[in-house]
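Student: need a structure here:
(4 chains, ligands or ions: 6)
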Amino acid sequence: MQSHDFVIRFAGDGGQGVVTSADAFARTAAQVGYHVQTFSTFPSQILGGPTMSQVRISTNPVLSPGDQVDILVAFNEDAYKFHSPDLRKGGVIIYNAEQFQLPTGGSSFGIKVDEMAKTTGNARASNMVVIGAVAVLIEMPLDYIEAYVKARFTRGRAEDAGIIESNIKAIRLGAEAGKGSGFHVGELAPPNPPKHKQIMITGNAAVALGAAAAGLEFYAGYPISPATTVLVWMENNLIGKGKFVYQVSSEIEAIGALIGAGFSGKKAMTATAGPGLSLMSEGLGLAWMAEIPCVVVDVQRGGPATGLPTKTEQSDLLACMHPAHGDVKLPVIAPGSVEECFYAGAMALNWAERYQGPVIVISEFQIAERTQNIPRPDLGKLAIENRRTYSPNGNGQQDGFKRYSDWFGGEEMLPMPVPGGPGAYVANGSEHDEIGDTTHLPQHHVRLTERRFAKVKLLSDGAFEAEHTDAPALIMPWGSGKGSGYEAYLQLRKQGIDVGWAYTMFLNPLPEKLLALLRSKDLIIVPELNYQGQWSGLLRWQNVRAESITQFTGLPFKTGELTQRLAARLSQRREAKVHA
Amino acid sequence: MQSHDFVIRFAGDGGQGVVTSADAFARTAAQVGYHVQTFSTFPSQILGGPTMSQVRISTNPVLSPGDQVDILVAFNEDAYKFHSPDLRKGGVIIYNAEQFQLPTGGSSFGIKVDEMAKTTGNARASNMVVIGAVAVLIEMPLDYIEAYVKARFTRGRAEDAGIIESNIKAIRLGAEAGKGSGFHVGELAPPNPPKHKQIMITGNAAVALGAAAAGLEFYAGYPISPATTVLVWMENNLIGKGKFVYQVSSEIEAIGALIGAGFSGKKAMTATAGPGLSLMSEGLGLAWMAEIPCVVVDVQRGGPATGLPTKTEQSDLLACMHPAHGDVKLPVIAPGSVEECFYAGAMALNWAERYQGPVIVISEFQIAERTQNIPRPDLGKLAIENRRTYSPNGNGQQDGFKRYSDWFGGEEMLPMPVPGGPGAYVANGSEHDEIGDTTHLPQHHVRLTERRFAKVKLLSDGAFEAEHTDAPALIMPWGSGKGSGYEAYLQLRKQGIDVGWAYTMFLNPLPEKLLALLRSKDLIIVPELNYQGQWSGLLRWQNVRAESITQFTGLPFKTGELTQRLAARLSQRREAKVHA
Amino acid sequence: MSARNEEYDFKWCPGCGDFGVRRALEWALEAYDAKHEQKHSMNVVVAGIGCSGNMVHLLEGEQPFGLHGIHGRTLPLAFGVKMARPELNTVVVAGDGDFLSIGGEHIAPQAARNLDIACVIMDNGVYGLTKGQSSPTTKFGVKTSSTPHGKIESEVFPLKLYMSLGVSFIASHYSSKPKELAKLIGQAMEHRGFAIVHVQSPCTTYNDNYDQLKGDPKKGIAPLVWDIPADHDPSSHQAAEDILNRPGIPIGIIYKGDAPSLEDRQNEIRSKVKARTPEQLLETYAL
Amino acid sequence: MSARNEEYDFKWCPGCGDFGVRRALEWALEAYDAKHEQKHSMNVVVAGIGCSGNMVHLLEGEQPFGLHGIHGRTLPLAFGVKMARPELNTVVVAGDGDFLSIGGEHIAPQAARNLDIACVIMDNGVYGLTKGQSSPTTKFGVKTSSTPHGKIESEVFPLKLYMSLGVSFIASHYSSKPKELAKLIGQAMEHRGFAIVHVQSPCTTYNDNYDQLKGDPKKGIAPLVWDIPADHDPSSHQAAEDILNRPGIPIGIIYKGDAPSLEDRQNEIRSKVKARTPEQLLETYAL
Ligand SMILES: Cc1ncc(C[n+]2csc(CCOP(=O)(O)OP(=O)(O)O)c2C)c(N)n1
Ligand SMILES: Cc1ncc(C[n+]2csc(CCOP(=O)(O)OP(=O)(O)O)c2C)c(N)n1
Ligand code: SF4
Ligand code: SF4
Ligand SMILES: [Mg+2]
Ligand SMILES: [Mg+2]
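Tutor: Ligands and ions are numbered 1, 2, ... in the order given. Reported below is the predicted structural model:
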């Protein structure tokens, strides 16, 4: 029987080729039409340290990193010890026999990876040895890998041919070793390539690209894991006339710069993680108060304070939605997949211009660093919203237009004056009157507080998913919980459990219809990676009967475990009903 | 018939003696045994600008500023125009006839205040002229004022007698003018002096004094309205051996300094307002994560960002409880009166030491600046909690004690090592192991996240008020809403409405029994001065059926209006029940 | 009461130095508009929080765009404005507390970048708006409400600080001669790079030092301010240092360097690196 | 792997300059203990966030108390520690990014106060822990992951900066001579006031400049570092300035002033002002 889904985990010390092997394997598979997703964990040190990178490969779209490991490639003994418990029954371990030895008879075999690579004349081809061995264990044709190697190393240089040849040699040597081991893990079904064009990309690059596609013009950022790659992306790509990118001196400077740029008419963004978000607190309050469009991407890591920089967690939600003192509630978009990262990046810029204020994209370590093949976005069809800039009759003079006049609803915001154009006003962080002058009169504070909250409603037409909504209880994860949550939902349905599904990446404001749906249900279960159950709490705040299933290990949900916990919770509920 | 309650409002331009008149009148009344409370509003400018200060004087403890004005003293025409609408029917306006004229025949009369003062030979006695006039209108004996003047100006200087004499002359001149006006506002019942000793103090001074009494040793702050007076108090009073007070360069430095001092074994505090609180976001997360005792007083003003520096609002609650990214929920104490300010200051220090972490006191402009006579705290009876410092056997050597070892409940925290003593560890803002070294292993993050939340429960034995708890609905204000909320509650009871009362200044953690009570009710109505209904939202989060009555004008609740809104809400509820 | 808005509820105290600075700034903006034939709306005034920052609401006549944010953050905001729209004439107005204490961190980075903006700093040696606490420029030993026993921290010498941080245009003046001050502010605006005009602007309520600044022969007070001699060469580092090492407060341009501005540096990169369209960027991820 | 804790999951890269600095700091702390006959637990090490800050977990032997907080805030924390407990020997360890970029605002205030702590700054000209972005000390024009077209911001010269801010003890060294460095750090600890030992501590992974620092005759590279002559008078401002105006990196004590420390200034007030008990304070509010 053919199998449609495998998880291959590469583990060892940073610098042993763990990540490059996983990456090469993932690209090999993606190029011939499989769906892949990678998941990696790193130590916080720079060189070396225990590292793992796993690839899930499937004939169907991949939703989560995968629970159990089919093949573990252990580059050293520590990796073997740490990761072998995750190997499924019937799985196989390939280990680096130059580093350690395992007794024969188990489900493992050793290869002298580097030695073999050297015999090809290219010591750097060792990851191909490994991949060759992996391939035969799941009956993946070697052609696939050779095609990848050819594509990868054809760079128009003289040495290309030699490199390709040695890599192919390495693949074959690895394959022979695999064959010789006598192990067999399964037979990979042939790929089922999607009709649409694809790209292969990480979550962070997707956010950056989405923003660029939506017209990003200004980026100011400060390095911080796991958001640094967005800054680096921008430094390399946000160039040209009218564009600006800069590494500033702190996150406080970053948010200030965004506000200056947004005020001046530009689409502006930064990306950071929790500690940077906390530092932006006062600035975000200012952007809300003065009504300045700008976008902050928070790529969540674990814990409060410096926390767990290289682990995944969803504990910044409260801080993103309510970042500052005073009555502030920011629009928040939480992508749940690499693909959604692209659209979140684009939509956040649209939202910022549409409601004239700051918007948060709340992403997460595990999505940010994940490489995945996704449908190639059609930029021609991407809806791009630009600012309604005030320009009444072109005479450019002061003409009595009032930036902060009454606005209590309607289909769009009043236009916004922009420096150089008419309608000069003061964008003010103190409470203000219509032209932005400071005032302490109650009527202005009442009127503008209501305006600031009313205009957020312009954003409540977001898309959402809902299935089997006649069930009394719905599962509603957010962000990274989407993938494993949906897999768990499907498994529960298979088990005949009457449960529905709801999901959106638009957490604030919630799509109106979705909120009505949620309120109509007896129970909304929210799987989330934090202690407090932040999203279910915020749903209860909004009169939704929500409860969380939490995990706060710094690791993603495993679908199997989550399914069990959901099933237990749902059966509890059924029992409670019976006894009531 | 005698009256037990009067509101006298002094209004004019800053510098015309508005505040000093109110203050003198309040002290006069308090000294003979009345209960008083002042409430003032200022412009944000430094000199001059429309200012008002009102005194409520009563034979019973005063709970709120008072809704309607019995006597308005208008120092200029603007003040007259702005404030006369608040005059109750039968109330009287005394105006400064040197500044403007009103037609006779209304309910006003003019006095040439400064001219009269000059005839006493003491131009600075004009506020006594005013007070004399006010006194006769409510039949307050002039002795009272003369006693105040004698007490106030007896300072052991040669000129004392002269000053006293001229002031007494001024009182009499004012009184004559009052008498001559023919107006009469009411007859003030004689005071009913409390048996206990009293002090007369503002909310901010009370917080400061409470903290000092509980052993405060370290204060670092940055000026900001309306918290600056706490800094100034400390600069003047937190001196002596082992004590330290400093105006630092920013709120970011302030919170950092507190953490350093708290780590080193000292009781440390700062006071700030919303913008400073937002800047402390990252630092507060660190204090939570590294488990460092310290206290931050947030004296709320209005609005997000720079907002409304001289107005009152209760919109920082979310920011106080959840100030930072990651799973953080800080203990919060919200004094609802000047008296509670004293105990909040003391209790916050106790809490910080008891649970070993940061504690927030959330105060508010209107309480901070209010002067009130309150029972004199008995320092001998004040419970002071000191740190459980680790000191096992006095050899002072490393001995394997683990600061961050498992602790999941119990009656008190494990002791805390302090520099110079044994048990050296690293207080760490990254997730850590038992001795504070950084770790990313899931078990430590799980264990310490649970510890950080579990130890907050050590604080859930706070006091609370509850009356008529068999009613189906309770009124539960917080902070400044206490006074007008309780007055409204009493009025509703008088009207025969079946409603109960619940109140605590301990918002997080809520006293356990109170939380159970709240959860058992159909409806908890929360009057609060913010837009989002922050406290009712946080109560719904905790599965309490709570709803808010909000106001966000920058002004305090008026008891009458609040009573009406509560009654309307409660009758709605009754109707809904009938139709259900 | 603001000229543009009767309801505006902040007023400077009588005699506040900021009145003079306002007049100077108005003149400088007008002159800049005329010289560059630009609309007044091409000016953006970024204001700090303090009595001084209220300037942005108190300007008379036609209004420029304004950004009145949060305490200490004028420079990050102005950085955003200027690099988003280099064609805007971007002016910072702030006090000594705002600019040198809580906002002190932002000076060095802008100096290192040579951001092309002009800053007008109103130094009154005190926190005015919060009613008289000590500021970085409050002198050592001085009693204020927050230093009741005398300040125990050395004062900052702002001009020396700017010099050492590499600010490329440094001028010093005081609020009593708005015409001269206007000229200096104008030169700061013209300067292509980071320009600071540091103005002694007395706080008549909490730190009235008019007499000290201007001197008062009747009271026997020698003036603190002195005019920088006409032959001073502001392009010389050494000459500037020498000026700063003399006692008192020099009036005029102390230093004016000619490093390329951040925008110039940015343009150099732009001219070398080929920009890619979103579609081209997308293509780099094609499978 | 830390000596105290096998589970600790951060390691410096092979050859990282911070190893040498660690050794020096260990020796300096030991010597300080011995000289002052104090327990090791009287030392508090306040660490920044960066490869350098991990120092606090990697010290071998008996452990001092440590405070490892958030990025850029070593000085506020150390200020709190020191003024809470002046008897503690308080040492800051931080990197160039932590201390000079995000934390840059905190240097001037401590210099103005002359807070009695010793700072050991590990300057590698790069952000190590976040994998190679530019830092304030990265040279102009250098390409890093965040400046792919070359850095366009002037670099900061930390020693000059410290000097201009009035830091009262300034020393410079590099990581390859831990014995000498230990001596300097010891002197910084002894100094009664704000002391900074700025150490060139190469990042072998992102900015390996060992060759440049020490020089390599074989490769024809002249050394950057040079020893400050024995006759240099560190109490002289002018002499210190002269040293800093010479090219390369001076090794040794550049400046050592003798202003009273913040604690001294504080004690002076304490001796003059009578403290009141809470009961006495309460009495001032009596009715
Ligand atoms: C974060 C924050 N902290 C404190 C304040 C309070 N505050 C307002 S203005 C000011 C100081 C003003 O001093 P300065 O900048 O010298 O201006 P001046 O009023 O003297 O012109 C302070 C501390 C604030 N608004 N925000
Ligand atoms: C508020 C905040 N912003 C950013 C970071 C990410 N971060 C950690 S270390 C570091 C820079 C480290 O550079 P440096 O101080 O030079 O230390 P090095 O690693 O080079 O020793 C940064 C930006 C953080 N932890 N917190
Ligand atoms: S307080 Fe001082 S700075 Fe502020 S307006 Fe008055 S005089 Fe000017
Ligand atoms: S990255 Fe650089 S600074 Fe960090 S440990 Fe490695 S060599 Fe040292
Ligand atoms: Mg000032
Ligand atoms: Mg560094």
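Student: In this structure A:Lys521 contacts A:Arg545, no?
Tutor: Yes. Assessed by Cβ atoms under 8 Å, A:Lys521 is found in contact with A:Arg545 at 6.8 Å. Just so you know, the C-beta spots here come from the backbone N, C-alpha and C atoms, and that holds for glycine as well.
Student: Stretch A:33-53 and ligand 6, any residue contact?
Tutor: No. Counting by Cβ under 5 Å from the ion, ligand 6 has no neighbours in stretch A:33-53; the shortest distance is 11.5 Å.
Student: Straight-line length of that stretch, end to end?
Tutor: 21 Å (Cα to Cα, to the nearest Å).
Student: Now find how far off-centre it is within its chain.
Tutor: Mean-position distance between stretch A:33-53 and its chain equals 15 Å (Cα atoms, centre = their mean, to the nearest Å).
Student: swap in stretch A:136-156?
Tutor: Centroid displacement of stretch A:136-156 relative to its chain, using Cα atoms, centre = their mean, is 28 Å.
Student: hmm, who's touching that stretch?
Tutor: A:3, A:6, A:24, A:27-29, A:31-32, A:70-71, A:92, A:94, A:128, A:131-132, A:134-135, A:160, A:163-164, A:167-168, A:171-172, A:175, A:178-179, A:181, A:183-188 (Cβ atoms under 8 Å, 6 or more residues apart in numbering or on different chains).
Student: Among those residues, name the ones in helices.
Tutor: A:24, A:27-29, A:31, A:128, A:131-132, A:134-135, A:160, A:163-164, A:167-168, A:171-172, A:175, A:178-179, A:181 (DSSP state H).
Student: from those, which are also near chain D?
Tutor: Subset of the ones in helices among the contacts of stretch A:136-156 in contact with chain D: empty, counting by Cβ under 8 Å from any Cβ of the partner chain.
Student: and the residues you listed, which are buried?
Tutor: Buried members of the ones in helices among the contacts of stretch A:136-156, counted by 16 or more other Cβ atoms under 10 Å in any protein chain shown: A:24, A:27-29, A:31, A:128, A:131-132, A:134-135, A:163-164, A:167-168, A:171-172, A:175, A:178, A:181.
Student: Chain C against ligand 1: which residues are in contact?
Tutor: Proximity of chain C to ligand 1 (Cβ under 6 Å from any ligand atom) is limited to residues C:48-52, C:71, C:95-98, C:122, C:124, C:126-130, C:135.
Student: and the residues you listed, which of them are in helices?
Tutor: If you go by DSSP H, these have C:Asp96, C:Gly97 in helices.
Student: Would you enumerate the residues in contact with residue 128?
Tutor: Picked chain A for this. A:Ala24, A:Ala117, A:Ile145, A:Val149, A:Asn167, A:Ile168, A:Ala170, A:Ile171, A:Gly174.
Student: try again with chain C
Tutor: Going by Cβ under 8 Å, 6+ apart, C:Gly128 touches B:Ile46, C:Cys16, C:Gly50, C:Cys51, C:Ser52, C:Gly95, C:Cys203, C:Thr205, C:Tyr206.
Student: Repeat the analysis, applying 7 Å as the threshold.
Tutor: Applying Cβ atoms under 7 Å, 6 or more residues apart in numbering or on different chains to C:Gly128 gives the contacts B:Ile46, C:Gly50, C:Cys51, C:Gly95, C:Cys203, C:Tyr206.
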